[in-house]
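**Student:** coords below, sequence missing:
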Ligand SMILES: O=c1ccn([C@H]2C[C@H](O)[C@@H](COP(=O)(O)OP(=O)(O)OP(=O)(O)O)O2)c(=O)[nH]1
Ligand SMILES: [Mg+2]
């Protein structure tokens, strides 16, 4: 599928790192590096603007390496980019480690997965179809 993109970043377009990768890595566009104190969050620019077709969204997700090694994750994960959004793609990072973490200009800070989604119409009803599970959840199965 072809997707329109405007690239105002100094970097090349986001790429799949391997042939069958689901995510396109996103690079931070920063004047200077950004410092994140423990539990601090910051919105990081990407310099990218995309135009998704109707019925698609982009999900901004953490990179597992950064999460494991540095405790950096995407606070609103998965971030939702709507098909009608025309603003700059931004990544909301949070530092969940107990140390300050420095993010440098050009670091790959998150990955973006393009996904299909449904658009639904509600059928408002008085009651729902009965099932074996019923209202059970939160570890209800396997209990005696
Ligand atoms: O990680 C993110 C999440 C969102 N957005 C942009 C694209 C998205 O289409 C728009 C709105 O996002 P969302 O619906 O999550 O935010 P909201 O708090 O509900 O704001 P709004 O009232 O503008 O929808 O912000 C980003 O750039 N990065
Ligand atoms: Mg919204």
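**Tutor:** Alright, I've got the coordinates. If you're wondering where the values come from, they're calculated on a predicted model, not measured in any experiment. Ligands and ions are numbered 1, 2, ... in the order given.
**Student:** Can you tell me which residue sits nearest the middle of the chain?
**Tutor:** For the chain, residue 60 is the residue whose C-alpha lies nearest the centre (CA atoms, centre = their mean; 1.5 Å).
**Student:** Tell me the secondary structure at that one.
**Tutor:** strand (DSSP: H, G, I helix; E, B strand; the rest coil).
**Student:** could you pull out the helices for this protein?
**Tutor:** Applying DSSP state H to the chain gives helices spanning 64-70.
**Student:** Which strand residues bridge whichever residue of it sits closest to ligand 1?
**Tutor:** The chain approaches ligand 1 most closely through residue 79 (2.4 Å), counting by CB to the nearest ligand atom. Bear in mind the C-beta positions are built from the backbone N, C-alpha and C, glycine included. With DSSP bridges as the criterion, residue 79 is bridged to residue 60.
**Student:** mind listing what whichever strand in the chain runs longest pairs with, with the direction of each?
**Tutor:** Longest strand of the chain, by residue count under DSSP state E: strand 108-116. Here strand 108-116 is paired, per DSSP bridges, with strand 24-27 (antiparallel), strand 56-61 (antiparallel).
**Student:** Let me have these in TSV, extended by distance to residue 92 and mean pLDDT.
**Tutor:** Listed next are those as TSV, based on distance: least, CB to CB, whole Å; pLDDT from 0 to 100:
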stretch	distance to residue 92	mean pLDDT
strand 24-27	12	98
strand 56-61	8	98
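**Student:** For those strands, could you give me JSON lines that also reports distance to residue 95?
**Tutor:** Shown next, in JSON lines, are the strands paired with strand 108-116 (distance: least, CB to CB, whole Å):
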{"stretch": "strand 24-27", "distance to residue 95": "18"}
{"stretch": "strand 56-61", "distance to residue 95": "17"}
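**Student:** Adding distance to ligand 1 as columns, could you present these in TSV?
**Tutor:** Shown next, in TSV, are the strands paired with strand 108-116 (distance: least, CB to the nearest ligand atom, whole Å):
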stretch	distance to ligand 1
strand 24-27	10
strand 56-61	4
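**Student:** rewinding a little: the longest strand of the chain near ligand 1 at all?
**Tutor:** No - figure legend: strand 108-116 not in contact with ligand 1 (CB under 6 Å from any ligand atom); closest approach 8.3 Å.
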